[in-house]
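Chemist: only geometry, no sequence info:
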């Protein structure tokens, strides 16, 4: 290759006396001035968020940081048990569980709502509940007709209502960040019993996806914000494991209860 | 095994109507009330930090979030290029570079200072510069006699001084969080030329380790906080890669400049 | 929970004097008796493969082990540079690039062929070239009509033909392992110019997917076998990096050629 | 930077008609001709191993491939449960447990024996049992005096003897690969009761480290070979999980047995 390419970036850059980040002086104008949630938002969008946006964003991160003994938390603890020399490995292993099933609902809900909104020529005003109800009804009916779930509807524990959902909507309203994604999601919560014949809660991870989309954060990275929140949670899990370890008990509860069975040859039914 | 063990935790716990985290009601008392840096601190220590602690902690996270095209940033971008279906994989791959060489200085400095302080029966008052200078001199001499480096001393770019170092010390002083680790580190900065015969800068990643130790955060997890900061930075790298991609150019600049050489058999000199 | 569950497995189990694996005595009947490719096949299917199956399987693994400076190889080298204390981290980071784009063609091709075959009531005999050509023609036409690519068709370097493809077909024929997936793939290679109007090579990674499917290996894990092969390749990359390092040069070629640009605020077009 | 660097490699290289690997033609001379264990050895050393070396190497890989419900196996299954879309993530997460504690004994034993041998001016002949016993006695005494364990001595299950140990030594002898590392390790097995006052088994993972060192494989990568073996084992775990899932039961056995406790503030005793 004849020529050396160059690599543009608006992120970190250093010279002997200064460190710049996003067009600002890191030491003078970021350190001590910008909170961590604010910085994470800014890094993702390359635009400094308003205080209201930061409050909603940090409420989302709080909602997703830790849910106790999830598979990701167990994985981080077991990996630390097995390889205590590598904190980065224990955290990375936990994050790898942040895929379609457990963390996916945030992303799926945000994208789903976005796709519905993108298909409309004109949206109701944010406070036009009847307008949103009409769109929500059409949306839920279309999903049902296609035999598809509505992402973000239902929760295996909080069957009567996920406490994060009304709280996040309230915060978004207080901060003027309640936009069309949240409005549509809220309306789905009101109208779906007419179509489905039973009442399901609006999932807290789902409402987070709606809020992140209303904040204008990159849809392809919604899962990334759940992972950022979870990184803080996994550090908490490790800090607890250091002093009140459970990983070895978990390991033994599996290993000592193994039951040896005969091999079961794979037959995949290919012709 | 006869009995099913139970697994204690002070972290997340749910029942049908409530989610609790660290002994508080997540929806009512954490969401909208607690910033993300504050929450990460609280999760790690199980004690809610003061506003002053939070400001210093978030300044540290800002200092460590992104340094441009580091190996970890390149790794995250290349992994996304290769496996765009898995955001969690791209982030995890980047974090795996957070080991002894690039992120280690934060942890090494914190631990080193802690070990020196733990070996003293009585410490100088925080503002007793002469007292800290004496301890620092003894410390630097002992390291030199043992032919060991002083962690956190020196920087390959900021040879005249890392701009993060005085700024973080200033913030820690403003918030009453300037403790013995920072005091000793600062004194090392003053006295080391007497011993080493040349003046080296106090590294910004090193001063972060000193500040985290003064905040009382878990020493075995100092690397974890650098990784948390870096997670936000890597999301920024991905967000930029989505719109201004460079990973394929990086890949091609290596692949197209490969030079085929003959195999070179391994001989490890074992007898 | 009242009762402790038990966990069935046909894989490894130990008692004080014996280790069993897949219903056999590991020390007596596996070690020294079973090759590593053979063992990997056996672990995946829980049925010991024939020598002919092993030869085809190991030919596939050889075909996929290393392709020089791929993104995964670069990632493993950069991660080792950054965290030399963690070999497992460097290997894991490299494997995380084994997703849809670079390693996916093996899996995609195997699945695609399988789906076509599963939709047929009666398949041609393996040596009935005309019968396969007819099915292949129908298949390529259907993909074209749906504006979809045929997985495994085309290669960005081996435009005149991937040398692995005829070789793997020959080995499969020699060993009596040339089944319907390979037969259909070969026929696609013959007939696609009639439909597409130009001649594309059958990709070597694609033919590996066809061969793995004909071997009866689990379709949902086809990517796993590519990753197994790649693990050996990445160890080779690390062994070379230890003695002939290039990672720091790669890092510097990016970092020193960074070009600072102004932030570009994200606007995702959401309403 | 003025000049574009070039990157030397003896590994994979392609041109439009040929793929070369380690100085050979991949399609013609590797596929169908070289077993997978043989190829992995060759990639690591850049020298083609003899059949005897391959047999010992593959016996080591068999010994280390799977031990049932280890933390790494549980982690891979839980990660798949949580993120079934990413096979590479599930495998990578499992490998991240391959650190100092569970897989470390292979590496630690190989390095330890190597260091002892490297400190001797003249080694006994391989069959000079008395000579090795003398060196072993000196070695065990020195470790005891330094209050350090002898790596590879002892096993938590196989207290009367690990069945892999004599078997691997036998295979190495049959193939003329029984060298000084195995000779010293075997002698440690004979003499340590004189020093320690009790008889411990020679660990099977430890004897694998000795055998890999005698094979001349790179000592800094001994852990890598254990990880290669484990990759095959983890694919087996996933294949079993697909049909006989246990991960959700494991998750629930932890989550449903969580016990909420009060936060326990971290106090690290720093001054």
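Modeler: Cool, got the structure. As the structure is a computational prediction, the values presented were derived from the model and not from experiment.

Chemist: now do the contacts for the closest residue to chain B within the stretch 151-271 of chain A.
Modeler: Per Cβ to the nearest Cβ, residue A:236 is where the stretch 151-271 of chain A lies closest to chain B, at 3.1 Å. Heads up, the C-betas are built off the backbone N, CA and C, glycines and all. By Cβ atoms under 8 Å, 6 or more residues apart in numbering or on different chains, the contact list for residue A:236 reads A:65-66, B:11, B:40, B:43-44, B:46.

Chemist: repeat for residue A:70
Modeler: Residue A:70 touches A:97, A:102, D:82, D:251, D:255, counting by Cβ under 8 Å, 6+ apart.

Chemist: by neighbour count, which of these wins?
Modeler: Highest neighbour count within the contacts of residue A:70, by other Cβ atoms under 10 Å in any protein chain shown: residue A:97, with 32 neighbours.

Chemist: just give the closest residue to residue A:236, not the sequence neighbours.
Modeler: Distance criterion Cβ to Cβ, 6 or more residues apart in numbering or on different chains; nearest residue to residue A:236, sequence neighbours excluded, is residue B:43 at 3.1 Å.

Chemist: what about the one you found, distance to residue A:211?
Modeler: 21 Å (Cβ to Cβ, to the nearest Å).

Chemist: who does the helix or strand of chain A with the lowest mean pLDDT touch, helix- and strand-wise?
Modeler: Ranking every helix and strand in chain A by mean pLDDT, DSSP states H and E puts strand A:13-14 at the bottom, with a mean of 88. With contacts taken as 3 or more Cβ pairs under 8 Å, 6 or more residues apart in numbering or on different chains; DSSP states H and E, strand A:13-14 sits against strand A:19-21.

Chemist: make it 10 Å
Modeler: Here strand A:13-14 touches strand A:19-21, strand C:258-260, going by 3 or more Cβ pairs under 10 Å, 6 or more residues apart in numbering or on different chains; DSSP states H and E.

Chemist: just the ones you listed: most buried one?
Modeler: Mean neighbour count (mean count of other Cβ atoms under 10 Å in any protein chain shown) peaks for strand A:19-21 among these, with a mean of 24.

Chemist: quick one on the thing from earlier: more crowded one of residue B:43 and residue A:211?
Modeler: A side-by-side neighbour count of residue B:43 and residue A:211, using other Cβ under 10 Å, places residue A:211 first with 28 against 25.

Chemist: which stretch of helix or strand covers the more buried one?
Modeler: Using DSSP states H and E, the element containing residue A:211 is helix A:204-214.

Chemist: and residue A:68, that one's in a helix?
Modeler: No - judged by DSSP: H, G, I helix; E, B strand; the rest coil, residue A:68 forms no part of a helix; its state is coil.

Chemist: chain neighbours aside, what residue packs nearest to residue A:94?
Modeler: residue A:76 (3.4 Å).

Chemist: helices or strands next to the helix or strand harbouring the one you found in the packing?
Modeler: Counting by DSSP H and E, the element that carries residue A:76 is helix A:71-82. Here helix A:71-82 touches helix A:87-95, helix A:222-243, helix A:247-255, strand B:7-9, helix D:71-82, helix D:87-95, helix D:247-255, going by 3+ Cβ pairs under 10 Å, 6+ apart.

Chemist: with mean pLDDT added, can I get the ones you listed in JSON lines?
Modeler: Shown next, in JSON lines, are the helices and strands packed on helix A:71-82 (pLDDT from 0 to 100):
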{"stretch": "helix A:87-95", "mean pLDDT": "97"}
{"stretch": "helix A:222-243", "mean pLDDT": "97"}
{"stretch": "helix A:247-255", "mean pLDDT": "95"}
{"stretch": "strand B:7-9", "mean pLDDT": "96"}
{"stretch": "helix D:71-82", "mean pLDDT": "97"}
{"stretch": "helix D:87-95", "mean pLDDT": "97"}
{"stretch": "helix D:247-255", "mean pLDDT": "95"}
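
Chemist: can you put these in TSV and add distance to residue A:200?
Modeler: Shown next, in TSV, are the helices and strands packed on helix A:71-82 (distance: least, Cβ to Cβ, whole Å):
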stretch	distance to residue A:200
helix A:87-95	29
helix A:222-243	21
helix A:247-255	32
strand B:7-9	28
helix D:71-82	22
helix D:87-95	30
helix D:247-255	22
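
Chemist: so for residue B:155, which of these sits nearest?
Modeler: helix A:87-95 (22.1 Å; Cβ to Cβ).

Chemist: let me see the contact set for residue A:196.
Modeler: By Cβ atoms under 10 Å, 6 or more residues apart in numbering or on different chains, the residues touching residue A:196 are A:140-141, A:143-144, A:150, A:153-154.

Chemist: do the same with residue A:127
Modeler: Going by Cβ under 10 Å, 6+ apart, the list of residues near residue A:127 reads A:173, A:178, A:183.

Chemist: so the second one, which state does it fall into?
Modeler: It refers to residue A:178. coil.

Chemist: where does the nearest residue to it once chain neighbours are set aside fall, phi/psi-wise?
Modeler: Nearest residue to residue A:178 in three dimensions, chain neighbours excluded: residue A:172, at 4.3 Å (Cβ to Cβ, 6+ apart). Backbone torsions for residue A:172, taken as degrees, to the nearest 10, come to phi -60, psi -40.
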